[in-house]
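K.L.:
Based on what follows, work out the 3D shape:
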Amino acid sequence: QVQLVESGGGLVQPGGSLRLSCAASGFTLDYYAIGWFRQAPGKEREGVSCISSSDDSTHYADSVKGRFTISRDDAKNVVYLQMNSLKPEDTAVYYCATADSSWCNDRYDYWGQGTQVTVSS
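P.N.:
Next up is the predicted model:
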């Protein structure tokens, strides 16, 4: 069964850090670019970051550049999103998804169930 499972979300104070994980089962991630997305209540889903499997190139939304870092460990079949200097506006459900190729694009096939990140004092 093809499955993506996110973990690592939680409640953190502004300025704090979290590391999200996206673990795959039933297939290997190293053939696919992996994207992280988020959706806050009442807002549309937005792309946060993506990492290619072809050359490990990375992409970030302007709102998270310099604060978030995406990485992948193909041996463990996991992609991470390190989030530092968190702000209340980062509060959202975070999802990972596989692109339909090894390059980051706007076509994503498999999605995880999401993990809640809440930034609040």
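
K.L.:
Name the next helix or strand downstream of the helix or strand containing residue 59, please.
P.N.:
Following DSSP states H and E, one finds residue 59 within strand 58-60. Next in sequence after strand 58-60, counting helices and strands by DSSP H and E, comes strand 68-73.

K.L.:
Who are the packing partners of that following strand?
P.N.:
Here strand 68-73 touches strand 34-39, strand 46-51, strand 58-60, strand 78-83, going by 3 or more C-beta pairs under 8 Å, 6 or more residues apart in numbering; DSSP states H and E. Every C-beta, even on glycine, is put in place using the N, C-alpha and C of the backbone.

K.L.:
got the angle for it vs strand 34-39?
P.N.:
140 degrees (axes from the mean of the first three to the mean of the last three C-alpha atoms, to 10 degrees).

K.L.:
Which residues does strand 68-73 contact?
P.N.:
Contact with strand 68-73 is made by 29-30, 34, 36, 48-51, 53, 56, 58, 60, 78-84, as judged by C-beta atoms under 8 Å, 6 or more residues apart in numbering.

K.L.:
tell me the contacts of the residue nearest the centre of the chain?
P.N.:
Note on the chain: the residue nearest the mean C-alpha position is residue 36, at 2.8 Å, using C-alpha atoms, centre = their mean. Going by C-beta under 8 Å, 6+ apart, residue 36 touches 20, 22, 47-50, 70, 79, 81, 94-96.

K.L.:
Neighbour-wise, give me the winner out of the residues you listed.
P.N.:
Highest neighbour count within those: residue 96, with 32 neighbours (other C-beta atoms under 10 Å).
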